[in-house]
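> Generate coordinates for the sequence data below:
(chains A and B)
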Amino acid sequence: MVSAQLSSLKDIRVHEYLVRFLFGGFCTVSAGLIAERFGAAVGGLFLAFPAIFPAGASLLEAHERRKMAKAGLDGTNQGRAAASVDSAGASIGCVGLIAFAVIVWQMVPKHDAPGVIALATAAWLILSVAVWFARKSRWFRWRKIAE
Amino acid sequence: MTEIVARFFIGGVVVSCFALLGEIFRPKSFAGLFGAAPSIALATFGLTIVKHGHGYAAIEARSMIFGAIAFFVYACASSFILMRFKPSALATTTTLMPVWFGVSFGLLYLFP
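Alright, predicted model coming up:
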């Protein structure tokens, strides 16, 4: 079912690592500068900005296309379908992201910050994974058929 | 200047780490979870709390809820359009960016 394939890291090119690093750095700096200029309420929105999402989706599409090209096939549609599935996964991750923000919002004024951030991160992971497994469950499949 | 460099470096490292996790895991829908990791928030909250205090971080976190809801809508729209019409991933995800801005700022306007 869920597996980790370290070998897939070998397929990533150096410039792809660099793109992610630069996008990540740029978006983090931008979020800070927006908060300084327009206040915490507006700046906070950008903590959940889909920063590297377009770059990630496009790199994923390119990976799939390259993989299919090696087999002598046109992987354009395959790549786009893979990006779609990745986006669906990200939408499930957003449920965890909402939980992360709620926990920090409610707990950070009264509790130790590192502990709250660790708890919120754990909540993001656990909830995202739980919703992903629930989505795969028989109940959801039954609903899909029923619809 | 030092703070900007620190933010850039920390943000780059945290975002890259989550992106690598997304590359390692299969199936793709599971790997996609890491596309919505709280990477910018993790890179930012520590510095924000040190500089502005806990109250300021709480205000940011409240707005982050709206940003995350907007991300959910944006990701669902991207997934649907990519699967249904199969346009380029970069064009789709970039063109749909106003959806994120509209939903997040709309929610902030409705719940100031």
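
> so B:Ile49 makes contact with A:Ala113?
Yes: using Cβ atoms under 8 Å, B:Ile49 makes contact with A:Ala113 at a distance of 4.8 Å. The C-beta positions use only the backbone N, C-alpha and C, and glycine is treated the same way.

> Name the residues contacting each of those two.
Counting by Cβ atoms under 8 Å, 6 or more residues apart in numbering or on different chains, the contacts common to B:Ile49 and A:Ala113 are B:Ala57.

> need the strands for chain A, in chain order.
Using DSSP state E, the strands found in chain A span residues A:3-4.

> The longest helix along chain A packs against which elements?
Identified as the longest helix of chain A according to DSSP state H is helix A:76-107. Contacts defined by 3 or more Cβ pairs under 8 Å, 6 or more residues apart in numbering or on different chains; DSSP states H and E place helix A:76-107 against helix A:53-70, helix A:113-136, helix B:28-31, helix B:39-52, helix B:54-85, helix B:89-95.

> who's in contact with the residue most central in space within chain B?
Residue closest to the mean C-alpha point of chain B, counted by Cα atoms, centre = their mean, is B:Ala36 at 5.9 Å. Residues in contact with B:Ala36 (Cβ under 8 Å, 6+ apart) are A:50, A:90-94, A:96-97, A:128, B:68, B:71, B:75.

> swap the cut-off to 7 Å and go again
Listed by Cβ atoms under 7 Å, 6 or more residues apart in numbering or on different chains, the contact partners of B:Ala36 are A:90, A:93-94, A:97, B:71, B:75.

> Which single one of those is nearest to A:Ala134?
Closest approach between these and A:Ala134, by Cβ to Cβ: A:Gly93, at 13.7 Å.

> Pretty sure that closest one sits against A:Ser128.
Yes: A contact is recorded between A:Gly93 and A:Ser128 when judged using Cβ atoms under 7 Å, the distance being 4.8 Å.

> tally of neighbours for B:Cys17?
Other residues near B:Cys17 come to 16 when the count uses other Cβ atoms under 10 Å in any protein chain shown.

> Any buried residues in the one helix or strand it maps to, and which?
Assigned by DSSP states H and E, B:Cys17 falls within helix B:2-24. By neighbour count on 16 or more other Cβ atoms under 10 Å in any protein chain shown, the buried set for helix B:2-24 is B:6-12, B:14-20, B:22-23.

> residues in contact with whatever residue of chain B ends up closest to chain A?
Nearest residue of chain B to chain A: B:Gly32, at 1.9 Å (Cβ to the nearest Cβ). Counting by Cβ under 7 Å, 6+ apart, B:Gly32 touches A:85-90, A:93.

> for those, which one is nearest A:Val2?
A:Gly89 (11.4 Å).

> And B:Thr48, what's its pLDDT?
The model reports B:Thr48 with a pLDDT of 88.

> Correction: the previous question concerned A:Arg143.
On the pLDDT scale, A:Arg143 is placed at 51.

> in chain A, what residue is nearest chain B?
A:Gly89 (1.9 Å).
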